[in-house]
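Undergrad: give me coordinates for this.
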Amino acid sequence: MAARPQPTPARSNAASTHCTRTIEVVRASRPSFGQTRGRGRKFAPASSAGRFGYARGVEPKDVTVEILKDIREEIRGVREEVRSLRDDTNARFERMDARFVEMNARFEVIETTLRDLAQQMVMLARGIKTALDARADVERRLEDVERRLSDLERRQPS
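TA: Alright, predicted model coming up:
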């Protein structure tokens, strides 16, 4: 134990003795570096440990700041991942848009071709109808001629 300090002349003798005893009691109750107290926990020397057992110079506010900095870094990482995913998604949408443009061009060709074929079928149907009407007229005239011929053949004796 350290030697007892001598009282200063500015203080009364009783006050000085009380302060000295309080300091000695506190020093005696603290374990020194490497000693254990209670359940075998070792204590760091008072000069190297700060409040709440944090390293000297690191206060709880500093630990909170460090945690918040770590969270900020993680958020930045997540933002980068989201940007990357968004860029990939945008690229996929651009490819899909290009495919839709190609498909629209193909459909336009198909629509034009179908429209042309429909017009041709209408024209063909009209042509067939005209041909059938003409044939019906020819068949009617042929039947009329055959009927008149058979009448003439009956009138003439053979």
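Undergrad: would you map the strands across this protein?
TA: Counting by DSSP state E, the segments of the chain that form strands are 36-37, 41-42.
Undergrad: residue ranges with poor pLDDT in the chain?
TA: Flagging of the chain using pLDDT under 70 yields the residue ranges 1-60, 158.
Undergrad: list the contacts for Ala105?
TA: With CB atoms under 8 Å, 6 or more residues apart in numbering as the criterion, no residue contacts Ala105. To be clear about C-beta, it is placed using only N, CA and C from the backbone, and glycine gets the same treatment.
Undergrad: any idea how far Arg148 is from it?
TA: Shown here: Ala105 relative to Arg148, a distance of 65 Å by CB to CB, to the nearest Å.
Undergrad: equivalent analysis for Phe100, please.
TA: Taking CB to CB as the criterion, Phe100 is separated from Arg148 by 71 Å.
Undergrad: which one's the longest helix in the protein?
TA: The single longest helix within the chain, with elements called by DSSP state H, is helix 60-155.
Undergrad: Met123: what's it in contact with?
TA: If you count contacts by CB under 8 Å, 6+ apart, then Met123 has nothing around it.
Undergrad: and Glu139, how many neighbours does it have?
TA: Per other CB atoms under 10 Å, the neighbour tally for Glu139 reads 10.
Undergrad: from Ser84, how far out is it?
TA: Using CB to CB, one gets 80 Å for the distance from Glu139 to Ser84.
Undergrad: can you check Leu68 too?
TA: 25 Å.
Undergrad: repeat for Phe107
TA: With the distance defined as CB to CB, Phe107 ends up 35 Å from Ser84.
Undergrad: give me the number of residues near Val63?
TA: By the criterion of other CB under 10 Å, Val63 has 13 neighbours.
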